[in-house]
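Asker: need a 3D model of the following:
(chains A, B and C)
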Amino acid sequence: MKYSSDTENFFDKVYAVTKLIPHGRVTSYGAIAKYLGAARSSRMVGWAMNGAGKYPDVPAHRVVNRVGLLTGKMHFGSTTAMQQMLEEEGIQVKDDKVVNFKKHFWDPVLELD
DNA sequence: TGATTGACTATGA
DNA sequence: TTCATAGCCAATC
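Answerer: Reported below is the predicted structural model:
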């Protein structure tokens, strides 16, 4: 099999950053993309998450869109799995979106840089 | 090979 | 404030 070098690297970075998300915290696709230097490629982060399912150490449920909406909940097998995991970490979820998202927001650019 | 889609975001009306 | 459109880049059909 062949590896697309840059693409693999990008995906790997996405997984690395996602794994660094503290327990009980959440971040956004755009924040990760920005940290990787691809702020305009936020969709690629989401695509990377699509392949994150095979990485048990990648808490994709802690990654939501820019307003804290659980847009990717449908990819967890159950539409409630993501919400349930977040609630178990102390994050309140209402109407498929993180309550007080701003407070739980974890920006890798600010925390890691 | 070309067109369409998608776990997003920013901007304009 | 809410809705619609454009840009992004890789994967899939």
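Asker: pLDDT score for whichever residue of chain A sits closest to DNA strand B?
Answerer: Of all residues in chain A, A:Gly72 sits closest to DNA strand B, at 1.9 Å by CB to the nearest atom of the strand. All C-beta atoms are positioned from the backbone trio N, CA, C, and that covers glycine. Model confidence at A:Gly72, given as pLDDT, is 93.
Asker: again with the one 10 residues further on
Answerer: Confidence at A:Met82, expressed as pLDDT, is 95.
Asker: wouldn't it be in contact with A:Glu88 here?
Answerer: No - using CB atoms under 8 Å, A:Met82 is not in contact with A:Glu88; the gap is 10.8 Å.
Asker: the two: which is more packed in?
Answerer: Legend: neighbour count by other CB atoms under 10 Å for A:Met82 and A:Glu88, higher for A:Met82 (24 against 10).
Asker: okay, the closest residue to that one other than its chain neighbours and A:His23: tell me how far apart.
Answerer: Ranked by CB to CB, 6 or more residues apart in numbering and with sequence neighbours excluded, the top spatial neighbour of A:Met82 is A:Lys73, at 4.0 Å. For A:Lys73, the distance to A:His23 (CB to CB, to the nearest Å) stands at 19 Å.
Asker: which bits of chain A sit near DNA strand B?
Answerer: Contacts of chain A with DNA strand B, taken as CB under 7 Å from any atom of the strand, map to A:28-31, A:33, A:42-47, A:49-50, A:52-53, A:60-61, A:63, A:65-67, A:71-72, A:74-76.
Asker: only the buried subset of those residues, as a PyMOL command please.
Answerer: Remark: buried members of the residues of chain A next to DNA strand B, expressed as a PyMOL selection using 16 or more other CB atoms under 10 Å:
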select buried, chain A and resi 28+29+30+31+33+42+44+45+46+47+49+52+60+61+63+65+71+72+75+76
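Asker: before we move on, back to that, for the residue of chain A closest to DNA strand B, give me its contacts.
Answerer: A:Gly72 sits next to A:Gly46, A:Met49, A:Ala60, A:Val63, A:Val64, A:Met82 when contact means CB atoms under 8 Å, 6 or more residues apart in numbering.
Asker: done for today, thanks.
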